[in-house]
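Student: build me a model from this:
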Amino acid sequence: NQRHIAECLAELDGARHLASNPEAVEMALWFHDAVYDPRAGDNEERSAAWARSAARELGASAESAQRIYDLIMFTRHAAEPVGIDAQVLVDADLSILGAQPTRFQEYEAQVRSEYGWVPEAMFRSARAKILKEFLGRPHLYSTAHFRERYEAQARRNLQHSLGYLEGHTAGV
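Tutor: Below you'll find the predicted structure:
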């Protein structure tokens, strides 16, 4: 939602100096969730295509527009981001994981609401799997800037959420 975009852009403000092309990172942040349908599996691709098209319409070169597309595709979180711009983008997107517990719990409630159509037991199982995948990584953030700010709190938040999901799964 708009709050997520605003939070990501605020994070970019503090990390803009790290990016080699901060304008591309900013445009990618604006568009990375432009298409968001919790029932679809191609949101990032559709968002990236829209961003590429918009960049071209605004006069960006084909190469620059493709770079924005490629950056957005890293927000699928399927692979480690490659290059500093992708790292800054993904770290800003994941900064919510390291939010203060109250904000993180609000975020988790928002995620559950977005997937309200998924049966509770199935949601808990799928969400727990995602959280375990994040926790299994050597680090959640690619840049020292974000790692120093958020890594420890993000791991605490994820562990807490995982404990809640697994604790309630056992009782279902």
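Student: so what does the longest helix seen in the chain touch, helix or strand wise?
Tutor: For the chain, the helix with the greatest residue count under DSSP state H is helix 144-170. Applying 3 or more C-beta pairs under 8 Å, 6 or more residues apart in numbering; DSSP states H and E, we find helix 144-170 packed against helix 2-15, helix 84-94, helix 101-114, helix 120-135. Yep, even glycine has a C-beta here, placed from its N, CA and C like the rest.
Student: just want the angle from the shortest one to helix 144-170.
Tutor: The one in question is helix 84-94. Computed by axes from the mean of the first three to the mean of the last three C-alpha atoms, to 10 degrees, the angle separating helix 84-94 from helix 144-170 equals 40 degrees.
Student: and for helix 84-94, what's in contact with it?
Tutor: 8-9, 11-12, 15, 18-21, 24-25, 28-29, 32, 67, 70-71, 74-75, 77, 81, 140-143, 145-146, 150, 154 (C-beta atoms under 8 Å, 6 or more residues apart in numbering).
Student: and if you look at the last one?
Tutor: By C-beta under 8 Å, 6+ apart, the surrounding residues in contact with helix 120-135 are 97, 111-112, 115, 118, 140, 155, 158-159, 161-162, 165-166, 168-169, 172.
Student: just the buried residues of those.
Tutor: The neighbour-count test (16 or more other C-beta atoms under 10 Å) marks Leu97, Val118, Leu140, Arg155, Leu158, Ser161, Leu162, Leu165 as buried among those.
Student: what distance do you get for the second one to Phe146?
Tutor: So the one you mean is Val118. Look at Val118 and Phe146: by C-beta to C-beta, to the nearest Å, they are 30 Å apart.
Student: same check, this time on Met122
Tutor: Met122 is 31 Å from Phe146, by C-beta to C-beta.
Student: re the thing from before, winner for burial among the helices and strands packed on helix 144-170?
Tutor: helix 84-94 (a mean of 24; mean count of other C-beta atoms under 10 Å).
Student: any idea of the mean pLDDT for that one?
Tutor: Average pLDDT, helix 84-94: 97.
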